[in-house]
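Student: everything below, folded, please.
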Amino acid sequence: MSTELEPFSFAKRIPTTPSIGSTTVTKPDHIHLSFGFAAPHLFPIELLSYAAAEAVTQQGRKALQYSGAPGPGKVLAWIQNRSKLNDIHVDTDQILVTYGSTQGIDLTTRILVEPGDHVWVEAPSFFSALQAFRVAEATITSFPIDENGVRVDLIEEALIDARSNGKRIPKFLYTMPTYHNPGGVTLSIPRRKQLVRLAREYNFFILEDDAYSELNFSGKRYPSLYSLFPERVIYLNTFSKIIAPGLRLGWLIADKSILTKARLLNLGGSIGVFTQEIVAKLLDEFPFQPHIESLIAHYRRQSDVMADAIRTDFGDHVTFHQPEGGFYIWLRFQDHVNTTEFLQDAADRGVSFVDGRSFYVNAEAEGHSYLRLCFSYVSEDQIVRGVQKLADAYFAYLSKTMSST
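Tutor: Purely as a prediction, here's the structure:
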């Protein structure tokens, strides 16, 4: 005999999470310009299969224990060596392997933030990071980006005002300075230097999310924020964009005081030790730099195809920054356009995107005239057809709104 259960009171700090960018659409012919996914045909499947088999046969009994085998140590050494390209010179005990860079965001937030503490972000910002800050009950303040990255001059004005008027200084500022998600922009070198100067002067941390820096279309390199001020920068990166996201391996680099606390919060012990064993075997055999160069060539071509399609199908109805790397193009429409209002029509026509408001602190009031497109996951043909379908949805929306006024 069953009885109806009374409603249960869940923790109020857990916010409601809306569907992002029609991600629930599963039709096989649907074009997912919303998916910030790596190109699946570029995954090193054969080498991963070999590495997995080697991990089992050579180290399986150790690798399947809690502490793992030699693989995790090899992964740390690889990260340590590769980080030197970003002028990051650290001991391996300053590196923590994480479940993707998103866990690094969560760990940093739990280490630094008490309810009511202030976290500053870019506008727009990565929606999963915003979710982590909301769960932590942080007070979130955002600062706009332009073609040179976040407006550091406005951050400085806010810091001066906070100090002068007894307001709270942020615990940290979260930024994606290189090939920003979703903006596609890169923080200029003068702004990088200004930002770390402010962190030093006002004593706050910078959380540097560097997930896309390997995907460098222009060849121009930018100094990591960590390299400019390691004492107050927490650096995040990931294998998701350069090998495969399903590995769920990223890393955090920080001062040892941060790493000590992060390890205390990492209740499950070492992260994915068997997966790390596989990755270590892969990296032993992998011509990694040629692989990165093939990724760059592919994604640069995809970016160019998307940019050309946008110019062809939208004309002067949109503006955007041509990215120097990464996965994304961020479209800006005229202020009266609300991209959320043609999200469903676009999905019905067979294409998904992420509406701009998903990337803002105040989703009800901000971002309505923007949308994000991802060029990494789909084929060139799908990009062309997807942008055309999106333009059809937009112009149908525009015609409808004009006729109703």
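
Student: going forward, measure contacts between C-alpha atoms and count neighbours the same way
Tutor: Fine.

Student: now do the strands in the protein.
Tutor: With DSSP state E as the criterion, the chain has strands at 31-32, 95-98, 118-123, 139-146, 149-150, 172-175, 205-209, 233-238, 250-253, 328-332, 351-352, 354-355, 370-374.

Student: need the ones you listed in CSV (columns: mean neighbour count).
Tutor: Formatted as CSV, the strands of the chain follow (neighbours: other CA atoms under 10 Å):
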stretch, mean neighbour count
strand 31-32, 26
strand 95-98, 23
strand 118-123, 24
strand 139-146, 17
strand 149-150, 26
strand 172-175, 23
strand 205-209, 25
strand 233-238, 26
strand 250-253, 25
strand 328-332, 24
strand 351-352, 30
strand 354-355, 26
strand 370-374, 26
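
Student: who are the packing partners of the lengthiest helix in the chain?
Tutor: Counting residues, the longest helix found in the chain (DSSP state H) is helix 288-314. Packed against helix 288-314 by the contact rule (3 or more CA pairs under 8 Å, 6 or more residues apart in numbering; DSSP states H and E) you find strand 328-332, helix 380-403.

Student: with respect to His298, which of the ones you listed lies nearest?
Tutor: Distance to His298, taken as CA to CA, is lowest for helix 380-403 among the helices and strands packed on helix 288-314, at 10.1 Å.

Student: quick one: buried residues of that closest one?
Tutor: 380, 382-394, 397 (16 or more other CA atoms under 10 Å).

Student: just stretch 55-67 next, same as before
Tutor: By 16+ other CA under 10 Å, the buried positions in stretch 55-67 come out as 55-56, 59-60, 62-64.

Student: minimum pLDDT in these, which residue is that?
Tutor: Lowest pLDDT within these is found at Gly60 (84).

Student: tell me how far that one lies from Ser49.
Tutor: 15 Å (CA to CA, to the nearest Å).

Student: next: Asn86.
Tutor: From Asn86 across to Ser49, the span is 30 Å (CA to CA).

Student: between those two, which is the more surrounded one?
Tutor: Counted by other CA atoms under 10 Å, Asn86 and Ser49 do not tie: Asn86 has more neighbours, with 16 against 13.

Student: looking at it, that one is touching Ser227, isn't it?
Tutor: Yes: using CA atoms under 8 Å, Asn86 is in contact with Ser227, at 7.2 Å.

Student: how long is stretch 146-156 from one end to the other?
Tutor: Terminal residues of stretch 146-156 are spaced 16 Å apart (CA to CA).
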